[in-house]
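>>> can you look at this prediction? I've put the sequence above it.
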Amino acid sequence: MSRKPAITATGLKKAYDDKTVLDGIDISVDRGTVFALLGPNGAGKTTIVEILSTLVPADGGDIRIAGYTPSDDPDAVRSRIGVTGQFSAVDDYLSGEENLLLMADLHHLGKDERRTRTDELLEMFDLQGSADKLASTYSGGMRRRLDLAMTLIGRPEIIFLDEPTTGLDPRSRRTMWQIIRELVKGGVTIFLTTQYLEEADQLADHIAVLDQGRIVAQGTAAELKRRIPGGHIRLHFIDRDQLDSAAAVFDESTRDDAAYVLQVPSDGGVRSLRSLLDQLDAHSIDVKELSVHTPDLDDVFLTLTATERTDAR
């Protein structure tokens, strides 16, 4: 039996004056997964987050968040979501612990639960040793962890992370990635916007590419990569004879005689790889080494958004 999605948006539209920001967006996010929204600056990523998290109204379209319609029951939606924006909500004049306790008060937690939940989150985000220090003394990575911890005070089902690792060093970014994976493992749904394509590749179960207010592609990272030309299977042979034999079989291939290497165009999928191996076996060709090379998300992003901008002219 299929589960109801955590988020659905159909025909989502938004304009400011005469500028169309979102032009009929369709999105569906499964529960307990990471959905990544990619797009250049000004594509409309933050606007989507603001609409889905009830901060601004849509001009058109149907929306369901955790089973509720934001326009009909915004409080029900807000009680089930958490939002961590591009800019930290941390109060620099409070300690890490005080920031969490304040957020617990805003969620109307009882005295005992307030204390228990704060202690849990300080431990979860490895902030116990700095709990009594002012947030203004925290590093960028610590501030981001505290910001996310504050979002989790109310145990949200869905978390919107808008550019959560912007400005973080690689170590802090990977720490945040691990925290996100643990949240999803616990059943939380993550709606992630990011400009770090490696981040989407590492975390996302499903990716959508947004450009000029429209979704130009959706799928898993592997599916998106297979849409872009340039993928190939690299075959390394032990001698020239085997290379010659393989080149005769794969007539669209590119060879490197010095390295005994043949590059065969491929989408990188299982079916095409199986077909290639079957052909090698049928011709008794031995391969020393085989590797599959597909375009990365950088290639996907640049190709899809460049094409869309060219078509729009």
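Here it is on my side, so go on.

>>> contacts for stretch 181-191?
Outside stretch 181-191, the residues within contact range by Cβ atoms under 8 Å, 6 or more residues apart in numbering are 6-7, 29-35, 37, 49, 52, 152, 156-161, 180, 203. For every residue, glycine as well, the C-beta is placed using N, CA and C.

>>> out of those, which are inside helices?
49, 52, 180, 203 (DSSP state H).

>>> how much space separates the residue of the chain most remote from its centre from residue 253?
Computed with Cα atoms, centre = their mean, the residue of the chain farthest from its C-alpha average is residue 241, at 45.7 Å. Distance, residue 241 to residue 253, by Cβ to Cβ, to the nearest Å: 16 Å.

>>> before we move on, the earlier item: now the strand or helix carrying the residue farthest from the centre of the chain: average pLDDT?
Element membership for residue 241 (DSSP states H and E) is helix 240-249. Averaged over helix 240-249, pLDDT sits at 94.

>>> now do it: which elements does it pack against?
strand 261-265, helix 270-282 (3 or more Cβ pairs under 8 Å, 6 or more residues apart in numbering; DSSP states H and E).

>>> how does it look with 6 Å?
Contact here means 3 or more Cβ pairs under 6 Å, 6 or more residues apart in numbering; DSSP states H and E; on that basis helix 240-249 packs against no helix or strand.

>>> for burial, what's the neighbour tally of residue 174?
Residue 174 has 15 neighbours, counted by other Cβ atoms under 10 Å.

>>> give the contact list for the spatially closest residue to residue 130 that is not a sequence neighbour.
Distance criterion Cβ to Cβ, 6 or more residues apart in numbering; nearest residue to residue 130, sequence neighbours excluded, is residue 96 at 5.7 Å. For residue 96, the contact set (Cβ atoms under 6 Å, 6 or more residues apart in numbering) comprises 127, 130, 131, 135, 146.

>>> now those residues in a markdown table, with neighbour count and distance to residue 234?
A markdown table is the format used below for the contacts of residue 96 (neighbours: other Cβ atoms under 10 Å; distance: Cβ to Cβ, whole Å):
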| residue | neighbour count | distance to residue 234 |
| --- | --- | --- |
| 127 | 21 | 46 |
| 130 | 19 | 48 |
| 131 | 17 | 52 |
| 135 | 21 | 50 |
| 146 | 26 | 45 |
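
>>> and the ones in helices among the contacts of stretch 181-191, which is closest to residue 110?
Distance to residue 110 across the ones in helices among the contacts of stretch 181-191 (Cβ to Cβ) is lowest for residue 180, with 28.6 Å.

>>> count the neighbours of the closest one for me.
22.

>>> show me where the stretch 51-200 of the chain has its strands.
60-65, 81-84, 158-162, 189-194 (DSSP state E, counting those that start in this stretch).
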